[in-house]
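Undergrad: Need a 3D model of the sequence below.
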Amino acid sequence: MNCIKSFFFLVCIFTCISLVSCRGNNKITVESNKDTLEENFHKDSIVFRVELEKKKQFFLNVPNGKGNMYSLRFINKTLKDTIIVRKTPRFHKKLIVSRYSVGRLNGKSINNRQYFFINENTKQLNLVLRKDKVKLIDSTSMLDVDSIISSYFIFKENQKGGLKAVQLKNKLDSLYDNYNKKYSYAENKQLLQLNELLYLERLQEIDPKTDLIDRFLKQLKQEPIECDILHYVLYDYIKNRILTLDYSSLNESYPNISKNLLARDMFNYIKIQKYKNYKRFANGINWLKTTEFYKKNKKEIDKEISPIDNIKFKKSLSKLTLINKELSQTTFYDVLKKNPSDYYLLDFWATWCKPCLEGINEINKMSLPKNIKVINLGTDKLSNKENWKKKAIETKQKFSYLINLDKREGKDFLKFIELELIPRYILIDKNMNIIDESYLAPHEPDFLTGLQNIKHL
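TA: Next comes the predicted model:
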């Protein structure tokens, strides 16, 4: 979760309560962290209880209520077994969370996935990490979703074998029919729906314009299982049809649940296209503004589809006064002149912001494209410059500068770009043109892929 930042001073809130319990002769420290995420969530919450071995870390992907996932992190820095308990708002009645990274601190992480189903009655998910494998303790109250998801994943891997579309479709139909019979016999509606979502996700890769997704959407009567699979299905549906959809028919023929789901992922698609000409998506944007999803998220959506003025941005950024690690003064224009590159990723951070530091460390582990340089822009007060310098060196920041907030243009710049949350990443080209004013965070799956494909943006 991003840290909250005001324009004139910075405050970071972190609450950590340490308790102690015993298991046999081994002491286990229990850390309890309560996250405050976004508003408009279901009143109840979900507790995640993860038991970790010493010096191990574990990340979970959790649906955030807006068609994306956020990373819930469990990190044991101690030399003993630790139980970490984290409580987060429940955005959905039924959802699937996924384990996407696990491993030793400062070592190689394992990025294969595991999936865990949570129904409306689930209050707590209990997990144990042993030898880089995650086990669900209370498995009797959960659905086994891993096996079916793995089957469809294997099918996707086999798609690379050069089979024709008709052959792939036949194999996919067979896989779907087998699970459909199995779950129909067991009368399990959740797994039946998951089977349909997995089928539609793979089918779109074979037949991008399939009408089976329309049939699924028209028949929805209640909130579906929330997971990244649902997001992939709807996101690709929008990507393939945004220029050709009959929006008047959509309003007439689709239930409100489906329209809001489509609106959500239309927004997710459009905001990623912000570097393109929005006029192409005028019909989609006009329809989006008629939905309940837009009414509930108007401020956020308007901000995304009304990008900041690029000319004013360039003018303000070029004059920005910075402090370098030698604690001498420079300007952003001079920084670019001395460090030429095709593209720059601006990383706004602060020494007190834990997610900022985690993001910097994650980027350090990546092999970024050679035509991109990361410029770290510190937002600490100038009075904290010594601590900023120390932290910049500790975290191995190559191009690191402190924004001089004692000068008016520094405060005006942060206000102009509406820097309310950090870390914040802005992607620009060598001429200081904005490519993405709110780029993905390093822990998000498409962060590196987007940078690798930057020439296509």
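Undergrad: List the residues that contact residue 339.
TA: The contact partners of residue 339, by Cβ atoms under 8 Å, 6 or more residues apart in numbering, come to 373, 375, 399. Where you see a C-beta, it was placed from the backbone N, CA and C, and this is true even at glycine.
Undergrad: So which of these is the closest to residue 424?
TA: Nearest to residue 424 among the contacts of residue 339 is residue 375, at 12.7 Å by Cβ to Cβ.
Undergrad: Spell out the secondary structure type for the closest one.
TA: Here residue 375 is recorded as strand under DSSP: H, G, I helix; E, B strand; the rest coil.
Undergrad: before we move on, the earlier item: can I get the contacts of residue 339 in CSV with distance to residue 74?
TA: Shown next, in CSV, are the contacts of residue 339 (distance: Cβ to Cβ, whole Å):
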residue, distance to residue 74
373, 32
375, 31
399, 32
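Undergrad: of all those residues, which comes closest to residue 201?
TA: Here the nearest of the contacts of residue 339 to residue 201, counting by Cβ to Cβ, is residue 373; it sits at 36.1 Å.
Undergrad: so how far is whichever strand or helix holds residue 44 from its chain's centroid?
TA: Assigned by DSSP states H and E, residue 44 belongs to strand 42-52. Using Cα atoms, centre = their mean, to the nearest Å, the mean C-alpha position of strand 42-52 is found 19 Å from that of the whole chain.
Undergrad: And whichever helix or strand comes after that strand, what does it pack against?
TA: Next helix or strand after strand 42-52 toward the C-terminus (DSSP H and E): strand 56-63. Helices and strands touching strand 56-63, by 3 or more Cβ pairs under 8 Å, 6 or more residues apart in numbering; DSSP states H and E, are strand 42-52, strand 69-75, strand 95-104, strand 124-130.
Undergrad: If you average the pLDDT over strand 56-63, what comes out?
TA: Mean pLDDT, computed over strand 56-63, is 88.
Undergrad: roughly how far out does it sit from the chain middle?
TA: Centroid displacement of strand 56-63 relative to its chain, using Cα atoms, centre = their mean, is 12 Å.
Undergrad: ditto for stretch 441-457
TA: 12 Å.
Undergrad: tell me which residues in that stretch are buried?
TA: Within stretch 441-457, the residues that count as buried by 16 or more other Cβ atoms under 10 Å are 441, 442, 443, 444, 447, 448, 450, 451, 454, 457.
Undergrad: and the least confident of the residues you listed?
TA: In this model, the minimum pLDDT among the buried residues of stretch 441-457 belongs to residue 457 (46).
Undergrad: Where does pLDDT dip in the stretch 101-250 of the chain?
TA: Scanning the stretch 101-250 of the chain with the threshold set as pLDDT under 70 gives 106-108, 139-142, 160-162.
Undergrad: mind giving me the domain ranges of this structure?
TA: 14-141, 146-305, 310-456 (automatic domain parsing).
Undergrad: What sits closest to residue 236 if chain neighbours are left out?
TA: Distances taken as Cβ to Cβ, 6 or more residues apart in numbering put residue 204 closest to residue 236, at 4.9 Å, once the chain neighbours are dropped.
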